[in-house]
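1. need a 3D model of the following:
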Amino acid sequence: MSLDRLTEKIVQTQNPTVVGLDPKLEYVPAFIKEKYFRKYGNTLKAAAKALFAFNKGLIDQLYDIVPAVKPQCAYYEMYGWQGVKTLAKTMEYAREKGMFVITDGKRNDIGTTMEAYAVGHLGEAAVNGEMLEPFMGDALTVNGYLGSDGIKPLLQVCNQRDKGIFVLVKTSNPSSGELQDQLIDGKPVYEVMGKMCETWGEALPGKYGYSGVGAVVGATYPKQLEQLREALPRTFFLVPGYGAQGGGAKDVAYAFDKKGLGAIVNSSRGIICAYQKEGCDERDYAGAARREALRMKADITGEIGTITF
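-> Model (predicted):
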């Protein structure tokens with residue numbers, strides 16, 4: 001399964017982290033923006049081209065030390081179709097560099113609409129008898145709170161195309177408990193959703209013990225993270241909330257098994273905006289991202305140790 005490939009990349013790099021490529025124009029160094037706004041004016045096209053140049057520089061400095069990237073669709077959609085084109089180009093470039101690509105779309109629908117999302121983000125579209133890959137993602141974040149109707153259309157595509165999904169279970173935002181901590185027959189909603197992930201994952205078994213159906217579980221709730229790791233032994237975790245949202249290495253350590261497997265930890269602004277925090281020359285923005293990525297790797301592996309199969 002797809003998450004087997006992610007696991008192999010994590011062991012190869014000894015780095016259980018993913019970089020969230022969530023760019024805004026204010027994150028992009030002035031020298032990049034000036035180049036494209038001078039050429040294309042104050043247009044969405046100029047903005048999109050600046051974002052791609054920014055992303056490309058980051059990927060060039062990260063692909064050999066970080067196993068995966070996670071572009072969040074909203075940061076591209078906000079710049080219209082030109083931004084979506086940059087999303088597609090970013091994913092293609094990361095794939096060419098050998099990185100695992102997680103599309104952070106949090107898609108949520110049922111029936112033929114969810115089938116269309118599955119084709120667009122994980123599958124192939126039929127065009128006059130030819131099968132073409134619209135977006136080059138290896139996995140997709142999805143919202144499972146519509147129930148199985150919103151997940152089952154994805155499973156067949158994942159099986160056919162060696163792809164994976166990450167289902168929202170216990171999210172890192174402050175208000176997540178308003179719904180996810182409510183009880184159903186004495187169990188919190190997030191645990192019920194996690195158990196559903198385990199069941200859905202039976203259709204996508206993996207060779208390292210984890211299925212192709214992963215779960216999004218935030219680092220900002222370490223007790224729940226520890227509880228879910230024990231309760232969901234076959235579910236791979238995507239862990240947001242490290243760094244800017246307050247989660248630390250000791251918090252995220254609960255997501256991993258005794259071999260250091262079973263989870264990947266996301267950092268977005270902390271890495272892509274590292275040059276701003278570091279105060280270095282903006283032309284070294286990608287170098288600053290690399291330094292922060294290595295610091296994050298050392299921080300987390302210092303807690304979980306060597307990662308092995």
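
2. any idea how far the nearest residue to Leu132 once chain neighbours are set aside is from Glu115?
-> On the basis of C-beta to C-beta, 6 or more residues apart in numbering, the spatially nearest residue to Leu132 that is not a chain neighbour turns out to be Ala125, at 5.5 Å. For every residue, glycine as well, the C-beta is placed using N, CA and C. For Ala125, the distance to Glu115 (C-beta to C-beta, to the nearest Å) stands at 11 Å.

3. which of these two has more neighbours?
-> Glu115 (17 against 12; other C-beta atoms under 10 Å).

4. who does whichever helix or strand that one is part of touch, helix- and strand-wise?
-> Assessed by DSSP states H and E, Glu115 sits inside helix 111-122. Here helix 111-122 touches strand 100-107, strand 139-142, helix 152-161, going by 3 or more C-beta pairs under 8 Å, 6 or more residues apart in numbering; DSSP states H and E.

5. so can I have JSON lines of those showing mean neighbour count and mean pLDDT?
-> Putting the helices and strands packed on helix 111-122 into JSON lines (neighbours: other C-beta atoms under 10 Å; pLDDT from 0 to 100) gives the following:
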{"stretch": "strand 100-107", "mean neighbour count": "23", "mean pLDDT": "97"}
{"stretch": "strand 139-142", "mean neighbour count": "27", "mean pLDDT": "98"}
{"stretch": "helix 152-161", "mean neighbour count": "18", "mean pLDDT": "95"}
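
6. what would the ones you listed look like in a markdown table with distance to Gly218?
-> Below are these laid out as a markdown table (distance: least, C-beta to C-beta, whole Å):
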| stretch | distance to Gly218 |
| --- | --- |
| strand 100-107 | 14 |
| strand 139-142 | 13 |
| helix 152-161 | 22 |
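
7. what's the closest of these to Ala288?
-> Nearest of these to Ala288, taken as C-beta to C-beta: strand 100-107 at 22.7 Å.

8. next one: that closest one to chain centre, how far?
-> Averaging C-alpha positions (C-alpha atoms, centre = their mean, to the nearest Å) puts strand 100-107 5 Å from its chain's average.

9. you'd agree Met131 is in a strand?
-> Yes: under DSSP: H, G, I helix; E, B strand; the rest coil, Met131 falls within a strand.

10. how many neighbouring residues does it have?
-> By other C-beta under 10 Å, 9 other residues sit near Met131.

11. isn't Val265 up against Val19?
-> No: contact criterion C-beta atoms under 8 Å: Val265 and Val19 do not qualify, at 10.4 Å.

12. so which strand or helix has Asn55?
-> Here Asn55 is assigned to helix 44-62, by DSSP H and E.

13. meant to ask about Lys9
-> Secondary structure (DSSP H and E) places Lys9 in helix 2-13.

14. quick check: angle from that helix to strand 100-107?
-> Inter-element angle recorded for helix 2-13 and strand 100-107: 140 degrees (by axes from the mean of the first three to the mean of the last three C-alpha atoms, to 10 degrees).

15. quick one: residues in contact with helix 2-13.
-> The list of residues contacting helix 2-13 from outside it, by C-beta atoms under 8 Å, 6 or more residues apart in numbering, reads 16, 64-68, 98-100, 138-139, 158, 162-164, 206-208, 210-212, 214, 236, 261, 264, 307-309.

16. now the helices for this protein?
-> Taking DSSP state H as the test, the helices found in the chain are 2-13, 30-40, 44-62, 74-77, 80-96, 111-122, 152-161, 177-180, 189-200, 222-231, 249-252, 269-272, 274-278, 285-304.

17. for this protein, give me the ranges with low pLDDT.
-> Residues of the chain meeting the criterion pLDDT under 70: 1, 244-246.
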